[in-house]
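Colleague: my questions are about this predicted structure, shown below with the sequence.
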Amino acid sequence: MDNRAIGVFDSGLGGLTVVRKLRELLEDENIIYFGDTGRVPYGTKGTDTICRYTGQDEAFLLSKDVKMIIVACGTASSVAKSVTEKLSVPNVSVVQPTAKAAAAATRNGKIGVIGTEATVKSGSFKKALLSENKDLEIFSTACSLFVPLVEAGWVKDDDEVTVKAAERYLLPLKQKGIDTLILGCTHFPIISGIIQRVMGDEVTLISSGEEAAKAAAELLEQRGMLCEGNLGKEEYFVSDDIPSFAKTAEIFLGRSINDSVEKINIEEY
Ligand code: DGL
């Protein structure tokens, strides 16, 4: 048993897709979230920068004495693996569990991967998928504009601009005949309604956020590290002004987190 909080981080709002699923699976766990809203996006930056940011995000969570860290960011999971590997606490990244779920879900062996530029360039999901099954056919596309659209809160299913961007990115992928699509950036499940509509109901969407949450819950259980009788406290930290984060978080989580968000200076870590 371990009553310390689970630490979760992302460049911004995307990691909330992990929080929402974690809450569904483990309602009593305390969660400490860091969204690096002052430095988002990560996915258009270079390896050194993404590694430095990841190290600082993890150092901040460790300063809060978390029992586990979930790298709730496809970009940090793909590019800064060497940083996370050095952690002294158990950790979960999004790539492996998501690839495993997608390989199990496909029926025709054709899988699409969408993520940030840095994630697609790293080939991380492709490698992980081929290690699950070397016969899979994989088609990857970077959808960088989805990140600022989500951060701007343009997430409603009928948002004209986000629908247009989705059509432009996704229709070529649909033509490849994929039956499974990995949402390899944790921001993307926030607009899964739009993505599903463009891809059609016959394509199964695999959320990297949800798969990471499931993997984290399994790991805590295996190691006997679940909490006992905590009451599901949540603390949110961001590196830029709070209102826009809190507003979109409320649309996605369906509840207000206004009173539990604090701004920090991440450069101090
Ligand atoms: N949510 C992130 C990811 O999963 C990062 C998006 C970004 O900051 O570019 O890749």
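Modeller: Done, it's in. Numbers count the residues shown, from 1 in each chain.

Colleague: can you list the residues of the stretch 1-150 of the chain near the ligand?
Modeller: 10-11, 14, 40-43, 73-75, 115-116, 119, 147 (C-beta under 6 Å from any ligand atom). To be clear about C-beta, it is placed using only N, CA and C from the backbone, and glycine gets the same treatment.

Colleague: any chance of JSON lines for the residues you listed, columns distance to Lys263 and secondary structure?
Modeller: Shown next, in JSON lines, are those (distance: C-beta to C-beta, whole Å; DSSP: H, G, I helix; E, B strand; the rest coil):
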{"residue": "Asp10", "distance to Lys263": "16", "secondary structure": "strand"}
{"residue": "Ser11", "distance to Lys263": "16", "secondary structure": "coil"}
{"residue": "Gly14", "distance to Lys263": "19", "secondary structure": "coil"}
{"residue": "Val40", "distance to Lys263": "14", "secondary structure": "coil"}
{"residue": "Pro41", "distance to Lys263": "19", "secondary structure": "coil"}
{"residue": "Tyr42", "distance to Lys263": "19", "secondary structure": "coil"}
{"residue": "Gly43", "distance to Lys263": "23", "secondary structure": "coil"}
{"residue": "Cys73", "distance to Lys263": "19", "secondary structure": "coil"}
{"residue": "Gly74", "distance to Lys263": "25", "secondary structure": "helix"}
{"residue": "Thr75", "distance to Lys263": "22", "secondary structure": "helix"}
{"residue": "Gly115", "distance to Lys263": "28", "secondary structure": "strand"}
{"residue": "Thr116", "distance to Lys263": "24", "secondary structure": "coil"}
{"residue": "Thr119", "distance to Lys263": "27", "secondary structure": "helix"}
{"residue": "Val147", "distance to Lys263": "21", "secondary structure": "helix"}
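
Colleague: is the nearest residue to Glu151 once chain neighbours are set aside in a helix, a strand, or coil?
Modeller: Nearest residue to Glu151 in three dimensions, chain neighbours excluded: Gly12, at 5.3 Å (C-beta to C-beta, 6 or more residues apart in numbering). Three-state assignment for Gly12 (DSSP: H, G, I helix; E, B strand; the rest coil): coil.

Colleague: check contacts around Gly12.
Modeller: With contact set as C-beta atoms under 8 Å, 6 or more residues apart in numbering, Gly12 has these partners: Gly35, Asp36, Thr37, Val40, Pro41, Val147, Val150, Glu151, His187, Phe245.

Colleague: check Ile242 too.
Modeller: Asn258, Val261, Glu262, Lys263.

Colleague: and what of Ala216?
Modeller: Ala216 neighbours (C-beta under 8 Å, 6+ apart): Ile6, Val18, Leu22, Met68, Ile70, Val92.

Colleague: report the central residue of this protein.
Modeller: Geometric centre of the chain, nearest residue: Thr186, 2.7 Å, by C-alpha atoms, centre = their mean.

Colleague: that one belongs to a helix?
Modeller: No. Using three-state DSSP, the secondary structure at Thr186 is coil, not a helix.

Colleague: quick one, strands of this protein?
Modeller: 6-10, 31-35, 68-71, 91-93, 110-115, 137-142, 180-183, 204-207, 234-238, 261-263 (DSSP state E).

Colleague: re the thing from before, nearest to the ligand, of the contacts of Gly12?
Modeller: Pro41 (3.2 Å; C-beta to the nearest ligand atom).

Colleague: report the contact partners of that closest one.
Modeller: Ser11, Gly12, Thr116, Ser144, Val147, Pro148, Glu151.

Colleague: mind doing that once more with 6 Å?
Modeller: Val147 (C-beta atoms under 6 Å, 6 or more residues apart in numbering).
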